[in-house]
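K.L.:
structure, please.
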Amino acid sequence: MNNSTNGFIKLGIAPAILEVLYKNKFEQPTPIQEQAIPIALEGKDLVGIAQTGTGKTLAFGIPMIQRALQNRSAKGLIVLPTRELALQVQESLNIVGKPFGLKTALLIGGSSVWRQVGEIRRNPNIIIGTPGRINDHLDQKNLNLSGIRTLVLDEADRMLDMGFAPQLKRILQHIPTERQTLLFSATMPPEIMQIARTFMQLPVQIEIVPPGTAATNVTQEVFIVPREQKGALLHSLLHDYRGSVLVFMRTKFGAKRAARDIRNAGHAAAELHSNRSLSQRRDALEGFKNGRYRVLVATDIAARGIDVTGIEVVINYDLPSQAEDYVHRIGRTARAGAAGHAISFATPDQRGDLRTIEKLLRKSLPLTKLPESLPAPPPSPTSPRPFHSERSRRRFNPRHRRGGFRRGGY
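P.N.:
Reported below is the predicted structural model:
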């Protein structure tokens, strides 16, 4: 190991883990890793506030793995809001933990319950899962959490937004109170502080950037575009940008339609939304990572669930319903210090939504003129279509029906 280039050495990490990190090209810790790892290794409770794409997985994963190596009976539990996040956390932890024979269990919806029961029976060192499926296994007596010594709540604000608070409380009732709790969140709403006060013991709080701060290496621009021209603008941009493109839609139906149109235009595209099965989601993510799909069209299920390096541009075809989600979306590019670009489409009546996003970011977003080559939008009707005849008007007006209104009304 080249000690002069491995910045993880000063964090208190065991030499064997340092060797694995170096072999896998992890040479310099990110700011959240640099601050969180020493605190977590001391066994203290921690609240970490950091935007997505800053390396939070290793910030809690390395201390969990080191603790498991020191005491094989000390189990860890990681709770996350989505299947995609859980899959990627497992993938990252396996890179570091598998050389030491550490075992993980993945408890998520859309996957075989019996396969998960088999993983539980193999006595995993670290359990990774979503709140709903973890509670399912607890209810069925498949899972015993009495051996958990480290609990991680990742993307805690997102879990609260998705209504998982009651399920989190049920999980916490099954875990010993004598434990270490690490809570990570991109924002700090009052509900997060309530969790910290209720379920944590004098947690150390670290904040890498103010909540709502976008990654510094992301350049941003906005097109004010009529709804009818958004499709044409997207196809124009897909011609301009030749690298990997992540397109965000507000609805799963919009994502499905956009992915179909992009494929029909000759681009390799996959879709990621709640109507896709787990195997389809895995195929979309893996295909996007390895270049089989150049374009991934997704709903906000992917705003925090994609950890793919090298995304050239993120396109917000639809503005998010929550301003905070804008930060998470554009954080899918410029991962781990790399450069990236984000483009947003806003219809003329969405200027208020843009101002809300700008207020969160504490800066104005630059507006870009639409390409001159973009087809003009079709004319919109100025008045409702008239009835074609007196007969048709009488047919649709119940007052003109023979006998007037029926008894009892319509």
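
K.L.:
which residue ranges of this protein form strands?
P.N.:
46-49, 75-79, 104-107, 126-129, 148-153, 180-185, 204-207, 218-224, 244-248, 269-272, 295-298, 311-316, 340-346 (DSSP state E).

K.L.:
looking at the ones you listed, which is buried most?
P.N.:
Ranked by mean neighbour count, the strands of the chain are led by strand 295-298 with a mean of 27 (mean count of other C-beta atoms under 10 Å). The way it works is simple: take the backbone N, C-alpha and C, and place the C-beta from them, glycine included.

K.L.:
against which helices or strands is it packed?
P.N.:
strand 244-248, helix 252-264, strand 269-272, helix 278-290 (3 or more C-beta pairs under 8 Å, 6 or more residues apart in numbering; DSSP states H and E).

K.L.:
out of the ones you listed, which is closest to Ile17?
P.N.:
In terms of C-beta to C-beta, the element of those nearest to Ile17 is helix 278-290, at 25.0 Å.

K.L.:
could you give the average pLDDT over the closest one?
P.N.:
The average pLDDT within helix 278-290 is 87.

K.L.:
and what of stretch 248-262?
P.N.:
Rounded mean pLDDT across stretch 248-262 is 94.

K.L.:
send over it as PDB, restricted to the C-alpha atoms.
P.N.:
Output of stretch 248-262 as PDB, limited to C-alpha atoms (Å, rounded to 0.1, in the frame of the first residue of the first chain):
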ATOM      1  CA  PHE A 248     -36.300  12.700 -14.700                       C
ATOM      2  CA  MET A 249     -40.100  12.600 -15.100                       C
ATOM      3  CA  ARG A 250     -42.700  13.400 -12.500                       C
ATOM      4  CA  THR A 251     -45.000  10.300 -13.200                       C
ATOM      5  CA  LYS A 252     -44.300   6.700 -14.000                       C
ATOM      6  CA  PHE A 253     -46.700   7.000 -17.000                       C
ATOM      7  CA  GLY A 254     -44.700   9.900 -18.300                       C
ATOM      8  CA  ALA A 255     -41.400   8.000 -17.800                       C
ATOM      9  CA  LYS A 256     -42.800   5.000 -19.800                       C
ATOM     10  CA  ARG A 257     -44.000   7.200 -22.600                       C
ATOM     11  CA  ALA A 258     -40.700   9.200 -22.800                       C
ATOM     12  CA  ALA A 259     -38.600   6.100 -22.800                       C
ATOM     13  CA  ARG A 260     -40.600   4.600 -25.700                       C
ATOM     14  CA  ASP A 261     -40.300   7.900 -27.700                       C
ATOM     15  CA  ILE A 262     -36.500   8.000 -27.000                       C
END
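
K.L.:
need the strands of the chain in a markdown table (columns: distance to Gly7).
P.N.:
Formatted as a markdown table, the strands of the chain follow (distance: least, C-beta to C-beta, whole Å):
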| stretch | distance to Gly7 |
| --- | --- |
| strand 46-49 | 19 |
| strand 75-79 | 24 |
| strand 104-107 | 26 |
| strand 126-129 | 25 |
| strand 148-153 | 23 |
| strand 180-185 | 21 |
| strand 204-207 | 17 |
| strand 218-224 | 24 |
| strand 244-248 | 28 |
| strand 269-272 | 34 |
| strand 295-298 | 32 |
| strand 311-316 | 25 |
| strand 340-346 | 23 |
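
K.L.:
ok so, going back, closest to Val117 out of the helices and strands packed on strand 295-298?
P.N.:
helix 278-290 (16.6 Å).

K.L.:
just the angle between the closest one and strand 311-316, please?
P.N.:
Using axes from the mean of the first three to the mean of the last three C-alpha atoms, to 10 degrees, the inter-axis angle of helix 278-290 relative to strand 311-316 is 130 degrees.

K.L.:
and the helices in the stretch 51-200 of the chain?
P.N.:
Using DSSP state H, counting those that start in this stretch, the helices of the stretch 51-200 of the chain run over 56-70, 83-97, 113-121, 131-139, 156-161, 165-172, 190-199.

K.L.:
just to revisit the earlier point, looking at the helices and strands packed on strand 295-298, which is closest to Thr104?
P.N.:
Proximity to Thr104 (C-beta to C-beta) singles out helix 278-290 among the helices and strands packed on strand 295-298, at 16.3 Å.

K.L.:
from the contact counts, what lies against the closest one?
P.N.:
Judged by 3+ C-beta pairs under 8 Å, 6+ apart, the packing partners of helix 278-290 are helix 83-97, strand 269-272, strand 295-298.
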